[in-house]
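Visitor: Generate a structure from the sequence data that follows.
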Amino acid sequence: GISEKVGTQDYLDPTRLLGSFISKIFGGSHELKATDFVHRLAECVPVVDNGKFNLLVREVIDAETDMPNSLSINLSHAINRLKEQRVIQLADTSDDLDAVVLNLPDGRERQISSITHLRGTR
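Guide: Below is the predicted model of the structure:
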């Protein structure tokens with residue numbers, strides 16, 4: 001669930017992994033603040049951005065750990081793919097100081113303030 005094979009190449013893509021935890025992340029909620037979504041995701045999958053194992057490894061290799069609202073390209077891409085698959089909807093608020101920044105593979109950045117689960121809870 002963390003990688004996808006394209007031809008003979010493996011690419012890190014946690015979309016399916018993230019998708020398998022969507023109902024648990026949202027719990028009984030239909031919409032979450034983006035920061036709450038990221039926090040709940042990190043609790044469910046501790047190897048992704050801001051998860052306890054991710055932070056531990058980043059600390060050991062002396063990588064930046066103090067940008068919790070700026071997501072990795074891989075996680076950003078997975079969230080964007082779930083939006084394109086109409087599993088979730090992303091919304092932004094121009095004055096949201098706690099917005100989460102998606103770093104998309106094409107170099108663009110997108111700020112999001114909330115995430116809505118479009119398929120309801122299961």
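
Visitor: Low-confidence bits of this protein, can you list those?
Guide: Applying pLDDT under 70 to the chain flags the ranges 1-6, 9-12, 47, 50-68, 120-122.

Visitor: which residue ranges form the strands in it?
Guide: With DSSP state E, the ranges of strands along the chain come out as 3-6, 9-12, 31-33, 88-91, 100-103, 109-112, 114-117.

Visitor: would you turn these into TSV with mean neighbour count and distance to S23?
Guide: Backbone N, C-alpha and C define where each C-beta goes, glycine included. Listed next are these as TSV, based on neighbours: other C-beta atoms under 10 Å; distance: least, C-beta to C-beta, whole Å:
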stretch	mean neighbour count	distance to S23
strand 3-6	11	22
strand 9-12	11	23
strand 31-33	17	12
strand 88-91	18	12
strand 100-103	20	20
strand 109-112	18	20
strand 114-117	20	8
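
Visitor: of all those strands, which lies closest to S76?
Guide: strand 100-103 (3.9 Å; C-beta to C-beta).

Visitor: What helices and strands are in contact with that closest one?
Guide: helix 34-44, helix 73-84, strand 109-112 (3 or more C-beta pairs under 8 Å, 6 or more residues apart in numbering; DSSP states H and E).

Visitor: what's that strand in contact with?
Guide: The contact list for strand 100-103 (C-beta atoms under 8 Å, 6 or more residues apart in numbering) reads 34-35, 37-38, 69-73, 76, 79-80, 109-113.

Visitor: Can you turn the buried part of the residues you listed into a PyMOL selection?
Guide: Command for PyMOL, covering only those of the contacts of strand 100-103 found buried under the criterion 16 or more other C-beta atoms under 10 Å:
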select buried, resi 34+35+37+38+69+71+72+76+79+80+110+111+112+113
